[in-house]
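Asker: attaching a predicted model along with its sequence, questions to come.
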Amino acid sequence: MKRLILIGTVLLGLLASACGSSGSTTLYKEVIPPVLVDGALPRFDEPVTLKVMTHDSFAVSQSVLDEFQAATNVKVELLPSGDAAAMTNAAILTVGNPVADVIFGFDENLLGSVLENKLLTPYLPQRLDGVDSLFRLDATGSATPIDHGDVCVNFDRASFVKSGVAVPSDFDGLASPSVKNQFVVEDPSVSTPGLAFMLATIAQFGGGDDTSANAKWLTYWKALKANGVSVVDGWETAYYGSFSGGSGKGNRPLVVSYASSPPAEVEDTSLAVEQTPTGVIASTCYRQTEFAGILRGSKNQKAAAAFIEFMLGNSFQSDVPAQMYVYPVVSATPLPETFAKYTAPVSNPLTLPYSYVSANRDRWISQWSALFR
Amino acid sequence: MVSSVPLSRARRNDAQRHRRFRWRSITALPPLVFLGVFFVWPVVAILLRGLRPNGIWNLAVFGEVLADPTMQRVMWFTLWEAVASTVLCVLVALPGAAMFARFRFKGKGFLWSALLVPFVLPTVVVAVSMLGIIGDGGVTGVNLSGTVWAILIAHVFFNYAVVVRTVGATWSTIDPRLEESARVLGAPSWRVFVDITWPLIRSSVAAASSIVFLFSFTSFGIVLILGGIRHRTLEVEIYDQTAKFLHLDIAAVLAVLQLVIVVAILVWFGRSQRRRAVIFEQRSASEIEHPPETRAQRGFIIANLVFMSLLFGVPLLVLVVRSFSTPDGWGFGFYRALTDTRGGSTSFVPPIDAIGNSLLFATMATVIAVVLGLCAAWTIAGGGAASSDSPLGRWTDTALMIPLGTSAVTVGFGFLIVFDEPPLNLRSSLWLIPIAHAIVALPFVVRLLVPALRSIDPRLREAASTLGASPSRVWWTVDVPIVGRALAAAAGFAFAVSLGEFGATAFLVRPDRPTMPIAIYRALGRPGEYNFGQAMAMSTLLMVLTVIVILAIDRFRPAGVSEF
């Protein structure tokens, strides 16, 4: 009888995915039932240890994890596994016999390969209601959005005040002769913010389907190159090694960083917003959403589902900005003071559909590399 | 004490030789089994995943990768960059080794220990410091970033100590009377070096060179940060193909290629090392070193010190200065911030804990590496037989070096797919950290011990044997006291390797048990004066800790050979 039900579920799953408007072909053999009891987290009689695989930048307050353990009797063990891409690929390599129960921190650029490789067991969180539909990219419900950030060009205020040059206000401004040799970006083939900025140029200028060296977005990069843009390996080198603003030790006043970087440069919170050491060029921002999911083969599915719900709960969501310099996906979550004061919400960030990115990313990177290597 | 160099080959007793051979086969076992389980197995598994997906060999990918002009460029660059780095490093480090071997001067002990500091510092920290000197807008006004020169300078920076300490340890045991006799007989200085000194040190030069070569050949962080985007090594390419794109087939081809080149180079080095090994009587360093006497000697020392302070002093000074330069002026603000709990974040562990973790892992790794290294070195050096040339020894030597020439990501991803079931379900075990560190440290231990073991007069062993000592007793009473100094140097290196290891640790570490390099990277991964300052402060602490530990180990060297 049980087997019949299972077969029935599989067939239903097949049907559902075949009819799904997203056109996703993912086929799952199991679905986890909702775990919240009257909106509250379930409590386990026996202590459970839940392993959560994260990228290296993951951080959460210990008190928040303790709160989860107190409520559910589930202890969370974190396994940092490299940057988001390395973590996702490590999970793909061990699909079906995962290292952890939950994976946190893959973004929309990795979402395609996560779904394609059937990494996750679907779970549709009950607390997803508070999340703007903008972030709910995965129609199968297996990848749950947790936080979002924006990759934007940051500028060194003091440097522009000193030189009297106007701060560029958009992409074209970055290629203008007034900021020659002043812009540093990260290599999109190795760096996550670097990739986001390259995608931003594709979203802005178009030409993503053009396989030639004359694609519109590449023409923009040619202009940047002619204007002396510096390309470095990663965020640390760009921000600390080349950027002149805030804590940067270099001499270039324009850098690809995050919308949330300027508050980190504010030591004195009485400072007016117009006086922060660094600022953001809002029209260059590209949206990044980070997801979590339950790894297929996890032996602790119910506890894993409880943790996913917890991550959408108020304590975790309001902990996210100060710990990871990103924004909570639950829009009602209050922001910490420095965040609320010093980051202007990016109203119209650039985006690209994740399926478009996963289908073309490697080609775009080689087109870009052909220009710069 | 009469020196007779080189010694004639001692007569051998066949039965005795046979027994020794068995003995040394047994000592080869522990290191080889260790390597087999924690290196060969995971690497072969990940290579097969790429080359034989779903049980069908996919060898066509070899042709595709080898024919790809981008890949050809990567291979060629990796090879010549590594050769150039090695040659340059040996050239500039030999005078340093000579200075340490021959002269007594103020602060020598401290300097000898402090040399290992660059070796343990995280690449990104050093690279950011160097960018402040030779980068775009650096204080020298010379912008080398993105050029091969930046890569070469950084490779010398990181590997100088390998050559100076390996060669210096051997050089300091050469009886200076040999050189004096030649001089008395009218040989000019260069002749003395070429005819007398070089044959005695070249085995250790070869040993050090092969390590420098492997480090430069598998260079990752330096190439990425200082080499700009045009320069890519095989290591970088393998990392990207594995961790970024999961193109395991392409990664496997590149990894096989890396292995082939590494083994070829190692066999070549091994051959020159063996052929040139000369047995000589060791003298204790204290008998040999003397204060500089002539003006030329003083000049030689000063030139060396000036070079070292330019190469190391300036970048390290930049780092230390930055650790004290807070937004509120000079002070200990960043150091105090290290103990700040920052809201009890999981990504934050008090630095005292990071120091504790680093010391714990390093101690475990050193013990594993020294024990296994002694076993291996004993086998390689010939297990007490006068003839040190055995196939088993040769292969053990080469095998232990291979991990240095293998990409960390290949091993790391290999771990994920082989240690996934009991009894070796180690994927999330903390034990993998000291084990991984020991694998990296083993070749250093072996390289330092083998020349010392080889240089022991076999007649000492035979005398002990004849007097009825068992092989283990011969080893304990003859070999160990003589190799004591090399052993201390080896332990120091192993400890330093573990303190500074990042690549493998990053894959294996738990958030609540970060090592110091991991804590530094965590701080540097976030914007803000305090995060940057804390990274600099932690780096400074790592430097201080390294010097203290290495000083202690260097002090604890046994009395040495002067007792005979």
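Answerer: Noted; the coordinates are in hand.
Asker: which stretches of the chain form strands?
Answerer: Unless you meant another one, I'm taking chain A. Taking DSSP state E, the strands of chain A run over residues A:48-54, A:74-80, A:102-107, A:120-121, A:144-156, A:183-186, A:230-232, A:254-258, A:278-295, A:327-328.
Asker: can you look at chain B instead?
Answerer: According to DSSP E, the strands that chain B contains are B:325-326, B:329-330.
Asker: most tightly packed of these?
Answerer: strand B:325-326 (a mean of 18; mean count of other CB atoms under 10 Å in any protein chain shown). Heads up, the C-betas are built off the backbone N, CA and C, glycines and all.
Asker: returning to that earlier point: put together JSON lines for the strands of chain A, with mean pLDDT, mean neighbour count and distance to chain B on each row.
Answerer: Listed next are these as JSON lines, based on pLDDT from 0 to 100; neighbours: other CB atoms under 10 Å in any protein chain shown; distance: least, CB to the nearest CB, whole Å:
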{"stretch": "strand A:48-54", "mean pLDDT": "93", "mean neighbour count": "21", "distance to chain B": "7"}
{"stretch": "strand A:74-80", "mean pLDDT": "90", "mean neighbour count": "21", "distance to chain B": "5"}
{"stretch": "strand A:102-107", "mean pLDDT": "95", "mean neighbour count": "26", "distance to chain B": "12"}
{"stretch": "strand A:120-121", "mean pLDDT": "94", "mean neighbour count": "25", "distance to chain B": "17"}
{"stretch": "strand A:144-156", "mean pLDDT": "95", "mean neighbour count": "26", "distance to chain B": "9"}
{"stretch": "strand A:183-186", "mean pLDDT": "96", "mean neighbour count": "26", "distance to chain B": "9"}
{"stretch": "strand A:230-232", "mean pLDDT": "92", "mean neighbour count": "26", "distance to chain B": "5"}
{"stretch": "strand A:254-258", "mean pLDDT": "96", "mean neighbour count": "28", "distance to chain B": "7"}
{"stretch": "strand A:278-295", "mean pLDDT": "94", "mean neighbour count": "24", "distance to chain B": "8"}
{"stretch": "strand A:327-328", "mean pLDDT": "91", "mean neighbour count": "23", "distance to chain B": "16"}
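Asker: before we move on, the earlier item: format the strands of chain B as JSON lines; extra columns: distance to residue B:314.
Answerer: Output for those, formatted as JSON lines (distance: least, CB to CB, whole Å):
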{"stretch": "strand B:325-326", "distance to residue B:314": "16"}
{"stretch": "strand B:329-330", "distance to residue B:314": "19"}
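Asker: where does chain B dip in pLDDT?
Answerer: Residue ranges of chain B with pLDDT under 70: B:1-24, B:137, B:273-286, B:340-349, B:383-389, B:422-423, B:511, B:556-564.
Asker: give me the residue at the spatial middle of it.
Answerer: Centroid check for chain B by CA atoms, centre = their mean gives residue B:444 as the closest residue, at 5.2 Å.
Asker: next one: the residue lying closest to that one once chain neighbours are set aside from chain A, what distance?
Answerer: If the residues on either side of it in the chain are set aside, residue B:444 comes closest to residue B:493, at 4.2 Å by CB to CB, 6 or more residues apart in numbering or on different chains. Shown here: residue B:493 relative to chain A, a distance of 27 Å by CB to the nearest CB, to the nearest Å.
Asker: test my guess that residue B:39 contacts residue B:403.
Answerer: Yes. Counting by CB atoms under 8 Å, residue B:403 is a contact partner of residue B:39 at 5.3 Å.
Asker: which neighbours do those two have in common?
Answerer: B:411, B:439 (CB atoms under 8 Å, 6 or more residues apart in numbering or on different chains).
Asker: helices of the stretch 201-350 of chain B, start to end?
Answerer: Counting by DSSP state H, counting those that start in this stretch, the stretch 201-350 of chain B has helices at residues B:221-226, B:234-239, B:248-276, B:285-288, B:295-308, B:314-324, B:333-338.
Asker: could those helices go into TSV alongside distance to residue A:340 and mean neighbour count?
Answerer: Listed next are these as TSV, based on distance: least, CB to CB, whole Å; neighbours: other CB atoms under 10 Å in any protein chain shown:
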stretch	distance to residue A:340	mean neighbour count
helix B:221-226	35	27
helix B:234-239	39	24
helix B:248-276	45	19
helix B:285-288	65	16
helix B:295-308	52	14
helix B:314-324	31	19
helix B:333-338	24	19
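Asker: any chance of CSV for these, columns distance to chain A?
Answerer: Converted to CSV, the helices of the stretch 201-350 of chain B look like this (distance: least, CB to the nearest CB, whole Å):
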stretch, distance to chain A
helix B:221-226, 4
helix B:234-239, 8
helix B:248-276, 8
helix B:285-288, 41
helix B:295-308, 24
helix B:314-324, 8
helix B:333-338, 10
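Asker: which parts of the longest helix anywhere in chain B are buried?
Answerer: Assignment by DSSP state H gives helix B:69-102 as the longest helix of chain B. For helix B:69-102, burial by neighbour count (16 or more other CB atoms under 10 Å in any protein chain shown) applies to B:71, B:74-75, B:77-79, B:81-82, B:85-86, B:88-90, B:92-94, B:96-102.
Asker: how far is stretch B:222-230 from where the chain is centred?
Answerer: On the basis of CA atoms, centre = their mean, to the nearest Å, stretch B:222-230 is displaced by 22 Å from the centre of the chain it belongs to.
Asker: which other residues reach that stretch?
Answerer: By CB under 8 Å, 6+ apart, the list of residues contacting stretch B:222-230 reads A:187, A:190, A:231-234, A:237, A:241, A:372-373, B:81, B:123-124, B:127-128, B:130-131, B:144-148, B:150-151, B:154-155, B:158, B:231-233, B:235-236.
Asker: among those residues, which ones are in helices?
Answerer: A:372, B:81, B:123-124, B:127-128, B:130-131, B:148, B:150-151, B:154-155, B:158, B:235-236.
Asker: by neighbour count, which of those residues wins?
Answerer: residue B:128 (30 neighbours; other CB atoms under 10 Å in any protein chain shown).
Asker: model confidence at residue A:108, what's the number?
Answerer: With respect to pLDDT, residue A:108 scores 90.
Asker: and residue A:7, by the same measure?
Answerer: Reported pLDDT for residue A:7: 44.
Asker: do the one 4 residues further on as well
Answerer: As predicted, residue A:11 sits at a pLDDT of 41.
Asker: again with the one 5 residues further on
Answerer: Among the per-residue scores, residue A:16 shows a pLDDT of 40.
Asker: kindly report the same for residue A:26.
Answerer: Predicted confidence (pLDDT) for residue A:26: 41.
Asker: do the same with residue A:260
Answerer: For residue A:260, the predicted pLDDT is 87.
Asker: one more: residue A:190?
Answerer: 81.
Asker: what's the answer for residue A:253, then?
Answerer: Predicted confidence (pLDDT) for residue A:253: 96.
Asker: got phi/psi on it?
Answerer: Taking degrees, to the nearest 10, you get phi -80, psi 0 for the backbone angles of residue A:253.
Asker: any idea how far it is from residue A:153?
Answerer: 10 Å (CB to CB, to the nearest Å).
Asker: ok, residue A:364 next?
Answerer: The value you get for residue A:364 to residue A:153, if CB to CB is used, is 19 Å.
Asker: mind listing what's buried in stretch A:107-121?
Answerer: A:107-115, A:117-121.
Asker: which bits of the stretch 51-200 of chain B sit near chain A?
Answerer: Applying CB under 8 Å from any CB of the partner chain, one finds that the stretch 51-200 of chain B approaches chain A through B:70, B:124, B:127, B:128, B:131, B:132, B:135, B:136, B:137.
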